[in-house]
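**Student:** Coordinates only, no sequence provided:
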């Protein structure tokens, strides 16, 4: 039964930035982990959280690249984490737990974008599903002791409006047959939301609240190859000259605007007492079960009932536990 999935409302809009959302919020003494916190949305979220007083740990597979990206940002440090490698995940979590620090917020941000060819991790899991969902599933469970220690922690899973049409391939999540890049991405994004729902159901009464956030469609600076530019142009995301189109009300945002959803879910006091919901435009999204096609002028991204289904959420937890065992 969906109870919290309705706007609060908040004072924010589609144009609000991460800085706007955290204006007046004091995160001094809070520890936050942001996976992939050195690139695009993750970097801006890390910067904004640190500027509000949090100590931010950027978890990245490439620590040299991450360190260069966040150099000069006070309150941000880097640790190694490969979400496709169980040993790396367990080592990161063990190191954190051994430090004795509570974890006040975990921002599961790292993800794989569309890959034209099917790729697998070392365990044979489809790479987008492995990076975006299974790795974060294992990481979150391994960090549960530190999240519980915080007594009011949050887990923020970065998803996408693609969760509306994504389907979990229960019998073939690795796409042994019929691989399609869009379907693989949609499955991973649907999984982010279902994981949010079940995590909140299991741990809300123990002080951990979980959120899934759609940041909008963010192109950001290139370089981009010609085929990707052509796809962006078809979707109305770049103009004829290849310049990024920014139209927040239609979901096309800057990096600063997109990161607002991440920090809202991770730290805004407006969400106290709420959980297990899908966020959009720095608020809880409405439920819209109408079938709405993707066009250059419209990028459907509200919640729908299917992506919040409690039975599917429980089933995905069981499948994920088996795949990460």
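**Tutor:** Structure received. In this text, all values refer to a predicted model and were calculated from it rather than measured experimentally.
**Student:** Can you tell me the SS state at residue 154?
**Tutor:** strand (DSSP: H, G, I helix; E, B strand; the rest coil).
**Student:** residue ranges of the helices in the protein, please?
**Tutor:** Taking DSSP state H as the test, the helices found in the chain are 18-21, 40-51, 63-70, 86-99, 127-129, 135-142, 144-149, 181-203, 226-234, 255-267, 310-323.
**Student:** Could you list the low-pLDDT ranges of the stretch 1-150 of the chain?
**Tutor:** 1-2 (pLDDT under 70).
**Student:** who touches residue 142 in this structure?
**Tutor:** 89-90, 92-94, 97 (Cβ atoms under 8 Å, 6 or more residues apart in numbering). To be clear about C-beta, it is placed using only N, CA and C from the backbone, and glycine gets the same treatment.
**Student:** coming back round to it: any chance of CSV for the helices of the chain, columns distance to residue 284?
**Tutor:** Formatted as CSV, the helices of the chain follow (distance: least, Cβ to Cβ, whole Å):
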stretch, distance to residue 284
helix 18-21, 14
helix 40-51, 19
helix 63-70, 30
helix 86-99, 29
helix 127-129, 26
helix 135-142, 21
helix 144-149, 22
helix 181-203, 12
helix 226-234, 29
helix 255-267, 10
helix 310-323, 17
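**Student:** Compare these and report which one is nearest to residue 28.
**Tutor:** Nearest of those to residue 28, taken as Cβ to Cβ: helix 40-51 at 10.9 Å.
**Student:** Point out the other helices and strands that that closest one packs with.
**Tutor:** Packing partners of helix 40-51 (3 or more Cβ pairs under 8 Å, 6 or more residues apart in numbering; DSSP states H and E): helix 18-21, strand 31-35, strand 55-60, helix 63-70, strand 76-80, strand 105-108, helix 255-267.
**Student:** so how many other residues sit close to residue 175?
**Tutor:** A count of nearby residues for residue 175, using other Cβ atoms under 10 Å, gives 19.
**Student:** Please indicate which of the contacts of residue 142 are buried?
**Tutor:** Neighbour-count burial (16 or more other Cβ atoms under 10 Å) applied to the contacts of residue 142 gives 89, 92-93, 97.
**Student:** With distance to residue 295 added, can I get those in TSV?
**Tutor:** Output for the buried ones among the contacts of residue 142, formatted as TSV (distance: Cβ to Cβ, whole Å):
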residue	distance to residue 295
89	39
92	41
93	42
97	47
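**Student:** Tell me the one among these nearest to residue 125.
**Tutor:** Out of the buried ones among the contacts of residue 142, the member with the shortest distance to residue 125 (by Cβ to Cβ) is residue 89, at 13.2 Å.
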